[in-house]
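Predicted model and sequence follow; I will ask about them next.
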Amino acid sequence: MDVEMTPRPAPLPVTVLTGFLGAGKTTLLNRLLHDPAMADTAVLINEFGEIALDHLLVEHVDEGVVLLSSGCLCCSVRGELVSALEDLLRRIDNGRAPPIARVAIETTGLADPAPVLHTLMAHPYLVQRYRLDGVVTVVDAINGAATLNTHPEAVKQVAVADRIVLTKTDLVTGAIRAAFHGLLARLDRLAPGALRFDAAAGEATPAALLGAGPFDPASKPSDVMRWLSDESVAAAEAQGRCDSPNRHDERIRAFTVTTERAISSAALDGFVDLLRAAHGPNLLRFKGVVKLAEHPDTPVVLHGVQHIFHPPLTLPAWPDGDARTRLVLIARDLDASVVRRLFAAFLGEPQIDTPDATALIDNPLAVPGLRLS
């Protein structure tokens, strides 16, 4: 008796969206997902820290967003990436999830992309059902040069790129224009084959960024092939765990500030201004949803990198029903207690031996560890 074999479906294209902390990956992803061309896209978001916020700020169908654990995708969560992709296929194959056309993976800004790419290219099951269809790297036009000088992960993120999206180019003026041109020259050296697009000019569309074709390490600088080869050895030895103490800079920490109490707009402005003045260069990422005293039912979203903070965005409602202020910071050489004590003071809850908000505005140095640059 002849048995009719069901043909294996064509591999789903996977686009990896990477870029250092605060470059604007989530903003770009939001913009892309509003385009009809991105219908039927499953999104996997990876975050680093105690509390995840990015998935709440992606305005997309909840069923299509999978949040990976609050760790780094290039470390132990790499195993969870495999599990998430396998589970997605099972749900589609069993009819528990609708068919999809593609997958987008947003990595945390601290992720070394090599382990992620190696997993997608070498896992024996994933390569049958998925194909790596390009790497999109987001680069901050203002802070990009300093980031490349300081963080080796950022260099790798650029070197593996098929597409580079420049953000915040509208902020490039006068004194920093020369530094920006230097950044462009360095991007050319690191990723000579990558196409560049200006987000502020509206160039970063799905048509421009998707469909880069199969990821080809041979078309990249020689370092890329070496990094992937190193990951092959590391994966075999560690069996998916990240045992290297040097994967990330130990001076970089992620921490949160949470409270159920509402804060006034003026107090929030004072907190952000003092924090930015004292520790701006070390604020690798600042994101939060805040309960304001003036309108507690419509939270405000804050997003900043170093000294640059975007205008607050008001949401129509709390995205997950949790009406607490939640601030997530990733910082270098900044103790969490300093930030928490500062926020408590502006919240009207100064701790013992800590001044209130009025005293802080007059004398910011009253909080130990708060030094104005």
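Nice, thanks for sending it over.

per-residue confidence for V61?
We have a pLDDT of 39 for V61.

now V155
With respect to pLDDT, V155 scores 94.

ranges for the helices of this protein?
Under the criterion DSSP state H, helices of the chain are mapped to 25-33, 54-57, 77-93, 113-122, 126-129, 144-150, 152-159, 177-190, 206-209, 222-238, 265-279, 336-347, 357-362.

Is it possible to get CSV of the ones you listed that adds distance to D40?
From N, CA and C alone the C-beta is placed, and that goes for glycine too. Shown next, in CSV, are the helices of the chain (distance: least, C-beta to C-beta, whole Å):
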stretch, distance to D40
helix 25-33, 11
helix 54-57, 19
helix 77-93, 11
helix 113-122, 20
helix 126-129, 16
helix 144-150, 32
helix 152-159, 27
helix 177-190, 32
helix 206-209, 12
helix 222-238, 30
helix 265-279, 39
helix 336-347, 41
helix 357-362, 49
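
ok, of those helices, where does mean pLDDT dip lowest?
helix 54-57 (a mean of 46).

returning to that earlier point: so for A104, which of the helices of the chain sits nearest?
Closest to A104 of those is helix 25-33 (C-beta to C-beta; 6.9 Å).

Could you check how far that closest one is from the centre of its chain?
Put simply, helix 25-33 sits 11 Å off its chain's centre (C-alpha atoms, centre = their mean, to the nearest Å).

helices or strands next to it in the packing?
Judged by 3 or more C-beta pairs under 8 Å, 6 or more residues apart in numbering; DSSP states H and E, helix 25-33 is in contact with strand 12-19, strand 41-47, helix 54-57, strand 102-106, strand 163-167.

Can you list the strands that the last one pairs with?
Next to strand 163-167 in the sheet, as set by DSSP bridges, lie strand 130-140 (parallel), strand 195-198 (parallel).

returning to that earlier point: okay, the helices and strands packed on helix 25-33 in JSON lines with mean neighbour count and distance to P312 next?
Output for the helices and strands packed on helix 25-33, formatted as JSON lines (neighbours: other C-beta atoms under 10 Å; distance: least, C-beta to C-beta, whole Å):
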{"stretch": "strand 12-19", "mean neighbour count": "24", "distance to P312": "23"}
{"stretch": "strand 41-47", "mean neighbour count": "25", "distance to P312": "21"}
{"stretch": "helix 54-57", "mean neighbour count": "20", "distance to P312": "13"}
{"stretch": "strand 102-106", "mean neighbour count": "24", "distance to P312": "22"}
{"stretch": "strand 163-167", "mean neighbour count": "24", "distance to P312": "18"}
